[in-house]
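Student: Got a predicted structure here, sequence first:
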Amino acid sequence: MTTETHSRRTKIVATLGPATDAPGMLERIISEGVNVVRLNLSHGQSDDHRARAVAVRKAAEKVGCEVGILADLQGPKIRVERFANGPVELRDGDSFVLDCRADAPPGDASRVGVSYLGLPKDVNAGDVLLLDDGLVALTVLEVVGAEVRCRVLIGGRLSDRKGLNRQGGGLSVAALSDKDKADIRLAAEIGADFLAVSFVRSGADMDQARRLLHEAGGKASLVAKIERADAIPVLGEIIDASDVVMVARGDLGVEIGDAELPGLQKKIIREAVQRNRAVITATQMLQSMVRSPIPTRAEVLDVANAVIDGTDAVMLSEESAAGAHPDKAVAALRRICLGAERQFEPKEDLATAGHRLDRTDQAIALAAMLLASEVGVRAIVALTESGATAQWLSRYRSAVPIYALSPFDDARRRMLVLRDVQPVKFTHDTLNPAVSAREAVRQLFAMGKLTEGDRVVLTHGDHIGRGGGTNTLKLLSVGADGMVESLRDL
């Protein structure tokens, strides 16, 4: 079990799967530093996800920490259908037909069915179609009825249910399938803290998902997965309609090309932070650790660069869900994050340029970070009902930890994806803001987060217990036994 998680600013998301179902493995990966677990709704049955959600809550309680649950919708992933006799080998120059009929027979080396029956309307002669994350490439020769007739550009092995993308994007399949709509209800049922929407193309896609989630009684933060080329021209619109953004580098890299991916990753992270949204960087971060007990140096640099760029969280997929060493992969991710953070302390320009200030609590957050940078404080303490103030605080990069105190379990878990933020359970017995401030400092002192002589910046609202009302900033000095030695309104 790690003793370093209290000092790590970047959060860790780990995907659950057969490897984490092993006895004791959930407890081990949580102990190693997982903040949020991902349920990949593309695989498994609803009862599998229900059971894993229950197991996560029990494991977190056993370890003695809080863990968020992210339910990841399958989305309209376009796939080839099944082959009659197993995988086929396609050779360069071969003819190959994508059969877009509902009753297409099982495939062979000359043709295969496709899950998206509208494909013939979306492609033209000369288009390049990429299968299995680009390992196989086809060029479209012609469209005849329900058949998309192609020539193999890059041959290789093709097996059942592999993904299909059009180079450059442009496929018009709807954002939410019937399965996704059912899975949104499932996410609400299991109390997911985050809901990830796959293959988002517009802010309207996120609005629809949010409406369906609220109708089902869910309170999850919405995560927009950026994995389509079509999403890039409307990136700002999508970010504004979301709570969190995920740089989903798998399908995105296939559609835009590997050479464009590094710069685009930086752009998405930068724009998400500037628009006051959290961001997760995902896909193949430690891919070699699906089998290896240690990462490659290239993977170490990849993760570290995402941390230095300002990502809130980094995510494991196959490494934890089906890998040979889920706990070692989490431990490696934790070490890399800590190392990158030690080498590159944040030096944020706290000018308002680049940050939108639409609310009072956002202005208070900026003022808190300015004060912390000028006078030197041990921590920033936010009394928050919903977690909104903590989110605004986390958008201004600082080496000072942010302790976000809230009485609500769901609000604290939604804060677990925010860089620099350490959610703390705090139940106040009074509506008096000054008394609550003193109680908060004493609690952090008792937890070992603060010591005598520390100075802290504290934010709260005039009306304790009312969400969205943060409007007050205080500078506090910690005395003996955690008592507040001085308290001055600013």
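Tutor: Noted; the coordinates are in hand. Note that the coordinates shown come from a computational prediction; the quantities given were computed from them, not determined experimentally.
Student: how about the helices in the stretch 201-350 of the chain?
Tutor: Under the criterion DSSP state H, counting those that start in this stretch, the stretch 201-350 of the chain contains helices at 203-215, 235-240, 249-256, 261-274, 297-309, 318-321, 326-343.
Student: For the last one, buried residues please.
Tutor: By neighbour count, and taking 16 or more other C-beta atoms under 10 Å as the criterion, the buried residues in helix 326-343 are 326-338, 340-341. To be clear about C-beta, it is placed using only N, CA and C from the backbone, and glycine gets the same treatment.
Student: Could you list the low-pLDDT ranges of the stretch 301-450 of the chain?
Tutor: Scanning the stretch 301-450 of the chain for pLDDT under 70 picks out the ranges 345-358, 429-431.
Student: Mind jotting down where the strands sit in it?
Tutor: Secondary structure of the stretch 301-450 of the chain (DSSP state E, counting those that start in this stretch): strands at 313-316, 379-383, 402-406, 421-425.
Student: try the stretch 1-150 of the chain
Tutor: Counting by DSSP E, counting those that start in this stretch, the strands of the stretch 1-150 of the chain are 11-15, 36-40, 68-72, 88-90, 95-99, 111-113, 128-131, 136-144, 147-154.
Student: so the fifth one versus strand 147-154, what angle?
Tutor: The one in question is strand 95-99. Calculated by axes from the mean of the first three to the mean of the last three C-alpha atoms, to 10 degrees, strand 95-99 forms an angle of 140 degrees with strand 147-154.
Student: on that earlier part again, figure out which of the strands of the stretch 301-450 of the chain is closest to residue 88.
Tutor: strand 313-316 (31.4 Å; C-beta to C-beta).
Student: Check which helices and strands that closest one is in contact with.
Tutor: For strand 313-316, the elements it packs on are strand 11-15, strand 278-282, helix 297-309, helix 326-343, judged by 3 or more C-beta pairs under 8 Å, 6 or more residues apart in numbering; DSSP states H and E.
Student: Okay, now the sheet partners of the first one, with direction.
Tutor: Strand 11-15 has the following sheet partners, assigned by DSSP bridges: strand 36-40 (parallel), strand 313-316 (parallel).
Student: That one: how far from the chain's middle?
Tutor: Centroid separation between strand 11-15 and its chain, computed with C-alpha atoms, centre = their mean, to the nearest Å, is 8 Å.
Student: same question, stretch 270-278
Tutor: 13 Å.
Student: Nearest residue to the middle of the chain?
Tutor: Nearest residue to the geometric centre of the chain (C-alpha atoms, centre = their mean): residue 280, 3.8 Å.
Student: Tabulate the strands paired with strand 11-15 (JSON lines), appending distance to residue 477 and mean neighbour count.
Tutor: Shown next, in JSON lines, are these (distance: least, C-beta to C-beta, whole Å; neighbours: other C-beta atoms under 10 Å):
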{"stretch": "strand 36-40", "distance to residue 477": "35", "mean neighbour count": "25"}
{"stretch": "strand 313-316", "distance to residue 477": "33", "mean neighbour count": "26"}
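Student: CSV for these, including distance to residue 413?
Tutor: Shown next, in CSV, are those (distance: least, C-beta to C-beta, whole Å):
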stretch, distance to residue 413
strand 36-40, 8
strand 313-316, 13
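Student: if we compare these, which one ends up closest to residue 221?
Tutor: Here strand 36-40 is closest among those (C-beta to C-beta), at 10.5 Å.
Student: pull the CA atoms of the closest one into CSV?
Tutor: The C-alpha trace of strand 36-40 is given here as CSV (Å, rounded to 0.1, in the frame of the first residue of the first chain):
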residue,chain,number,x,y,z
VAL,A,36,-11.7,6.5,-10.0
VAL,A,37,-12.6,3.2,-11.5
ARG,A,38,-14.0,2.8,-15.0
LEU,A,39,-16.8,0.4,-16.0
ASN,A,40,-16.5,-0.2,-19.7
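Student: which residues touch residue 480?
Tutor: residue 452 (C-beta atoms under 8 Å, 6 or more residues apart in numbering).
Student: The same query, at a cut-off of 10 Å, please.
Tutor: Residue 480 makes contact with 445, 452-453 under the criterion C-beta atoms under 10 Å, 6 or more residues apart in numbering.
Student: Residue 57: which of these is nearest?
Tutor: Checking the contacts of residue 480 against residue 57 with C-beta to C-beta, the nearest one is residue 445 at 29.1 Å.
Student: Report the separation between residue 267 and residue 166.
Tutor: Residue 267 is 22 Å from residue 166, where distance means C-beta to C-beta, to the nearest Å.
Student: How about residue 49?
Tutor: For residue 49 relative to residue 166 (C-beta to C-beta), the value is 31 Å.
Student: If you count surrounding residues, which of the two has more?
Tutor: residue 49 (23 against 20; other C-beta atoms under 10 Å).
Student: List the contacts of that one.
Tutor: 16, 39-41, 43, 69, 71, 183, 186-187, 189-190, 192.
Student: just residue 417 next, same as before
Tutor: Per C-beta under 10 Å, 6+ apart, neighbours of residue 417: 11-13, 35-36, 68, 70, 193-194, 221, 223, 243-244, 278-280, 312-313, 391, 394.
Student: where does the residue lying closest to residue 159 once chain neighbours are set aside fall, phi/psi-wise?
Tutor: Nearest residue to residue 159 in three dimensions, chain neighbours excluded: residue 87, at 3.9 Å (C-beta to C-beta, 6 or more residues apart in numbering). Dihedral pair for residue 87: phi -60, psi 150, per degrees, to the nearest 10.
Student: how does the chain divide up, domain by domain?
Tutor: As recorded under automatic domain parsing, the domains making up the chain are 5-76+174-342, 88-166, 360-489.
Student: Quickly note the distance from residue 206 to residue 87.
Tutor: Applying C-beta to C-beta to residue 206 and residue 87 gives a distance of 37 Å.
Student: Neighbour count for those two, which is higher?
Tutor: Comparing residue 206 with residue 87 by neighbour count (other C-beta under 10 Å), the higher total belongs to residue 206, at 23 against 12.
Student: residues making contact with stretch 202-212?
Tutor: With C-beta under 10 Å, 6+ apart as the criterion, stretch 202-212 contacts 73, 75, 174-176, 180-181, 184-185, 187-188, 195-200, 218, 220-224, 230-231, 234, 236-243.
Student: repeat that for 7 Å
Tutor: 175-176, 181, 184, 195, 197, 200, 222, 224, 234, 237-238, 240-242 (C-beta atoms under 7 Å, 6 or more residues apart in numbering).
Student: Stretch 267-277 now?
Tutor: Contacts with stretch 267-277, where a contact means C-beta under 7 Å, 6+ apart, come from 226, 235-236, 239-240, 242-245, 247, 279, 309-311, 354-356, 362, 391-392, 395.
Student: Just grab the bridge partners of the residue nearest to the centre of the chain for me.
Tutor: With DSSP bridges as the rule, residue 280 is bridged to residue 246, residue 313.
Student: Now do the same contact list for it.
Tutor: 13, 244, 246, 311-313, 315, 417.
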